[in-house]
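Novice: coords please:
(4 chains)
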Protein chains: 4
Amino acid sequence: MHIGLVGLGRMGNNMRTRLRAAGIEVTGFDPNPAVSDVADLAALAAAVPGPRIVWVMVPSGPITTGVITDLAAVLSEGDLVIEGGNSKFTEDAKHAALLAEKGIRYVDCGVSGGIWGAENGYGLMAGGDKADIERALPIFDALRPEGPREEGFVHAGAIGAGHYAKMVHNGIEYALMQAWAEGYELLDAKSDLIHDVTGVFQAWQRGTVVRSWLLELLVKALQEDPEFTDIEGYVEDSGEGRWTVEEALNNAVPVPTISASIFARFVSRQDDSPSMKAVAALRKQFGGHAVRKA
Amino acid sequence: MHIGLVGLGRMGNNMRTRLRAAGIEVTGFDPNPAVSDVADLAALAAAVPGPRIVWVMVPSGPITTGVITDLAAVLSEGDLVIEGGNSKFTEDAKHAALLAEKGIRYVDCGVSGGIWGAENGYGLMAGGDKADIERALPIFDALRPEGPREEGFVHAGAIGAGHYAKMVHNGIEYALMQAWAEGYELLDAKSDLIHDVTGVFQAWQRGTVVRSWLLELLVKALQEDPEFTDIEGYVEDSGEGRWTVEEALNNAVPVPTISASIFARFVSRQDDSPSMKAVAALRKQFGGHAVRKA
Amino acid sequence: MHIGLVGLGRMGNNMRTRLRAAGIEVTGFDPNPAVSDVADLAALAAAVPGPRIVWVMVPSGPITTGVITDLAAVLSEGDLVIEGGNSKFTEDAKHAALLAEKGIRYVDCGVSGGIWGAENGYGLMAGGDKADIERALPIFDALRPEGPREEGFVHAGAIGAGHYAKMVHNGIEYALMQAWAEGYELLDAKSDLIHDVTGVFQAWQRGTVVRSWLLELLVKALQEDPEFTDIEGYVEDSGEGRWTVEEALNNAVPVPTISASIFARFVSRQDDSPSMKAVAALRKQFGGHAVRKA
Amino acid sequence: MHIGLVGLGRMGNNMRTRLRAAGIEVTGFDPNPAVSDVADLAALAAAVPGPRIVWVMVPSGPITTGVITDLAAVLSEGDLVIEGGNSKFTEDAKHAALLAEKGIRYVDCGVSGGIWGAENGYGLMAGGDKADIERALPIFDALRPEGPREEGFVHAGAIGAGHYAKMVHNGIEYALMQAWAEGYELLDAKSDLIHDVTGVFQAWQRGTVVRSWLLELLVKALQEDPEFTDIEGYVEDSGEGRWTVEEALNNAVPVPTISASIFARFVSRQDDSPSMKAVAALRKQFGGHAVRKA
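Specialist: Coordinates of the predicted model:
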């Protein structure tokens, strides 16, 4: 099998390596000539034998739409584009329609695994027609972790289902991380009683209900910096968390922990909180409570 | 009528003034001789004609329990103690029992109104036996705002009911303040669109569903400092808010907004957040995401 | 002054009455001939002397956009359209642009007050250019409550600011209602102690920090049905609450109480909760905990 | 080694089996003679050679305190009691003091693992003096899972630290479960797009950030009943979750996801929600919104 791969940033580059290691020939394109195999998308289309499969792994939003548009110009009827970036699932129908005008097939795929995926394989969630998914199975098999296929890959549903599932995955991930963080703060706050916070987390790695990869990472992080002295409590959020809450609102699904985890990140990035200024000002008004001068 | 009043801090002092203005004779005791009418509780007991009514208005916790204990020693059977401090409602049964040994009656009373109460009157919630409540009605009438009695005073229930009602009042108050604060931050965040944040709140004072005293105070605070530049987003919390959530847990009552408003205050007082350090550390571990160095 | 008014449902009809009572001539149009003053928008345009002002008060979404589009066809350069419906603020730029093609001016106006507005006046928040706002002041003055103009009306900012302010108003309103509801449940849960729940709320109407119109309504509701025996805990939500959270996400504003109040409404409408089924299933798996069979 | 074990319910019984399988002699006592090895605690004390170790595994609260009190009467100076039940950590100081009067040592131990612990081993968190912990290591080693000791056991800190750590463990567990449940509901709500909800969870078991034992259990539960048709969304909560929030309040630690997960359980058990009745009543009052008749 010989496929095209557009986008050779950290993720795309690692995926090319993993695909090649599995015996799949890959022609990669990236605007950065230092990592690109070909000069442009036309050259990529010329290099990959048809009917072609091209995996797109570029930043979500206008860049992804731009690449899809450009691919529509150089690919042919019957080719298949797999969009593996962090796109909002509502983009997929648009991208699929854009390619369908030229008779090009479309599959969306959510990819989990971060920097560890290169080594461990990626968790994959795909959306699209059954025939298109089956055609791409060797690629999915190369990228996913070893073990039973269904434990690292799913054909989740129609076009958009892959990115929707990935969005929910990230929403859950946000809440899981916040749960761990609250537990950490509870142990950390009781230093008169708890003398080995790292040890407590470490001891949960076997036999407990909460054992998980995030726990293992937390233990690793604590072992490197047991008091988190070198790290600030400042946390970015990517689009998926917000989209999850937005979709929850659209579907009347209550998501108190997912939303709480996102709000905690918002607060973490504020130098001072406008809302807490307002609360302080109110207390001063009605109770004569002292306020801290800014 | 001639009553005793123990505790002449800001609240007690204002209440003495208001009671006297209503024609009730008050003998006040406070450890601070500058404000006290008598030298000690024995002198207070001697000065107030029996059967006595003594209002206790001292800091909640051990100080209140101490005063109640001391009063048990100097008062007589048939006297009535009204405990008006910010006590936890679970203290009242204990205090009532302590006095009951000597045949002294007990009423608890939650008092709302802050610094404005001196002028506007206090919202009062009392707990105890009907006969005891009725005996103290002239005092309640003097302290409560003008208008129909039932709009500023309630016999809420058994001993402890006054402080329980006041606790719930404060729990609601916390959530109301947080709601206003979130609205403020939403308006403040959209300064490209909203050119007059103060004006928006001001315009809600008549005709809207949200009109209220807290809104009026928010308008006042914004008029004094429209950007809250002089105030830090740092907010203390008193016991009542926490007790409300504790009671919610005891009674399996969901209180998502009250608890959120308390947690927001906790966060407002942290220089850095241990839990958000943990989240940042986790993101770094699995995604190689950059962290801010502390 | 003589203006046009499109939409004579409950709100529009009441507003026509209030405008006429203030001496403003109103030609109203509604698809329902029983309440309409004219046969169609063309007739309305013919009836109102230019330069015209037309107030639009129809359901938000496609119906509002449809009316704006139709008005663009019958109005003339220099006319002014005021959109007073419950539209999302992001619609306003679109509507303004649509009318601007014909040289027609645009103001958006958020309207609060519900069924009480007819009698008490409406809280009004307007967005648009200063000259357009000033031109419409007699209308705003007729609709707003009596008292100082700035306590019932605001020129909040640019086009869209009126609907944005109204959206935030409703977000706050949701959280305020939830705060009151949690307080109610806390008092209701403690019936062994609290013997007069209605009385407690009633006693907060004067002198307390929490006094407000919502409290008065809660007292009224409890007086009509003290145990809420006739009412189900099932609550709809309109768009504004969801939009508020969406905007909070767009602007990285933490809104824990507003979101909690919306999620509580979502849950209130579920016959059974899919998420709580999942929790029950998990508990059964790891702990052998009994589950309730559906 | 030969120890005593008080309490042979589901947990205690499994632990006796596991201890014996590891070569530790166990004399167990339970009020139920069908499972008990001896007639009473005196007989247990007589059977176990001194200096004795006795593990207590009975329901938390008065029953545990009762057993500790009874053991103080039959044990001797230098004996060691390990309290392994689901006790609140604040009980431990009391229990330790009670035994210290007789010169009996005390260790508290939080135990995780549920019904799977018998086979997989239990996660153990112990509090107490170093010498006492070391003396009991063979027992901990027999009960904990295979693998490195520090991945299934920790000496967390002073007396009470074991139960505190277990309490935090359960608080985290609650929030993790709720996070998974919200994700499930989000996938379930989008059945037009997501055709294989079970498959999605299954595919997250390898390579993803969220892989964990709870995920595996969720997959198992969904495979048994893919729509959760046989299970009601009704969820009990044990003490630990509530204690976690209580401790968070005591230590000013914000726990938005843990509290949200507990409130969700409270709501799940209500036939109708008093607070949502109040919200519905308020909406009816101000907006004339229709309510559902109970």
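
Novice: The stretch 51-200 of chain A: helices as residue ranges?
Specialist: A:62-74, A:90-100, A:117-120, A:130-135, A:137-143, A:161-188, A:197-203 (DSSP state H, counting those that start in this stretch).

Novice: Most tightly packed of those?
Specialist: Between the helices of the stretch 51-200 of chain A, helix A:161-188 has the highest mean count of neighbours, a mean of 29, where neighbours are mean count of other Cβ atoms under 10 Å in any protein chain shown. C-beta here means a position set from N, CA and C on the backbone, and glycine is covered the same way.

Novice: Now mean pLDDT too, for the helices of the stretch 51-200 of chain A, in CSV please.
Specialist: Listed next are these as CSV, based on pLDDT from 0 to 100:
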stretch, mean pLDDT
helix A:62-74, 98
helix A:90-100, 98
helix A:117-120, 87
helix A:130-135, 98
helix A:137-143, 98
helix A:161-188, 98
helix A:197-203, 98
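
Novice: Would you convert those into JSON lines that also reports distance to B:Val267?
Specialist: JSON lines is the format used below for these (distance: least, Cβ to Cβ, whole Å):
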{"stretch": "helix A:62-74", "distance to B:Val267": "35"}
{"stretch": "helix A:90-100", "distance to B:Val267": "33"}
{"stretch": "helix A:117-120", "distance to B:Val267": "34"}
{"stretch": "helix A:130-135", "distance to B:Val267": "45"}
{"stretch": "helix A:137-143", "distance to B:Val267": "40"}
{"stretch": "helix A:161-188", "distance to B:Val267": "10"}
{"stretch": "helix A:197-203", "distance to B:Val267": "20"}
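
Novice: got CSV for these, with distance to chain B too?
Specialist: Below are the helices of the stretch 51-200 of chain A laid out as CSV (distance: least, Cβ to the nearest Cβ, whole Å):
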stretch, distance to chain B
helix A:62-74, 20
helix A:90-100, 22
helix A:117-120, 10
helix A:130-135, 27
helix A:137-143, 18
helix A:161-188, 4
helix A:197-203, 10
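
Novice: closest to chain C out of the ones you listed?
Specialist: When those are compared by Cβ to the nearest Cβ, helix A:161-188 sits nearest chain C, at 11.5 Å.

Novice: need the longest strand for chain A.
Specialist: In chain A, with assignment by DSSP state E, the single longest strand is strand A:105-112.

Novice: wait, does it contact chain B?
Specialist: No. Strand A:105-112 lies out of reach of chain B by Cβ under 8 Å from any Cβ of the partner chain, never closer than 9.7 Å.

Novice: pull the CA atoms of that strand into PDB?
Specialist: The C-alpha atoms that make up strand A:105-112 are tabulated as PDB, following Å, rounded to 0.1, in the frame of the first residue of the first chain:
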ATOM      1  CA  ARG A 105     -14.600   9.900  -0.900                       C
ATOM      2  CA  TYR A 106     -14.200  11.100   2.700                       C
ATOM      3  CA  VAL A 107     -13.600   9.600   6.100                       C
ATOM      4  CA  ASP A 108     -13.000  11.600   9.300                       C
ATOM      5  CA  CYS A 109     -10.800  10.100  12.100                       C
ATOM      6  CA  GLY A 110     -10.300  11.300  15.600                       C
ATOM      7  CA  VAL A 111      -6.800  10.400  16.900                       C
ATOM      8  CA  SER A 112      -5.800  10.100  20.500                       C
END
